[in-house]
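Engineer: one predicted model, sequence on top.
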Amino acid sequence: MCRLRQVLNVYTKCGHGISLPDELIRCESRHCRFSLFHPTSCKPPQCRRTCAQFKKFPEQYSPHINSYCPACLDSSTRVRPPL
């Protein structure tokens, strides 16, 4: 069945996390109404009895990136006026 992928990038040097937009991962099942392989001829009420009508639980993962987040990198590279 099709599902959403949710990614939270965790930056270990600053501890910040940035969520990426949800991504739809499509399956190859003809019995999933969200799949590209679902036949266009499959219509209700038969479709509701034979095909998956809901997406699976989201796939979630959080890669740990050994770096600073983009906001911290941006703020540390700005030129600061001399004191």
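Structural biologist: Looks like it came in fine. Note that the structure is a prediction, hence the values are computed from the model and not measured.
Engineer: show me which helix runs longest in this structure.
Structural biologist: Counting residues, the longest helix in the chain under DSSP state H turns out to be helix 70-77.
Engineer: any idea how far the worst-scoring helix or strand of the chain on mean pLDDT is from the chain center?
Structural biologist: Ranked by mean pLDDT, DSSP states H and E, the helix or strand of the chain with the weakest confidence is helix 70-77, at a mean of 82. Taking C-alpha atoms, centre = their mean, to the nearest Å, one finds helix 70-77 lying 25 Å from the centre of the chain it belongs to.
Engineer: what sits up against that helix?
Structural biologist: Helix 70-77 is contacted by residues Y11, K13, C14, H16, I18, S67, Y68 when judged by C-beta atoms under 8 Å, 6 or more residues apart in numbering. Glycine gets a C-beta too; all of them are placed from N, C-alpha and C.
Engineer: quick one, helices of the chain?
Structural biologist: 46-50, 70-77.
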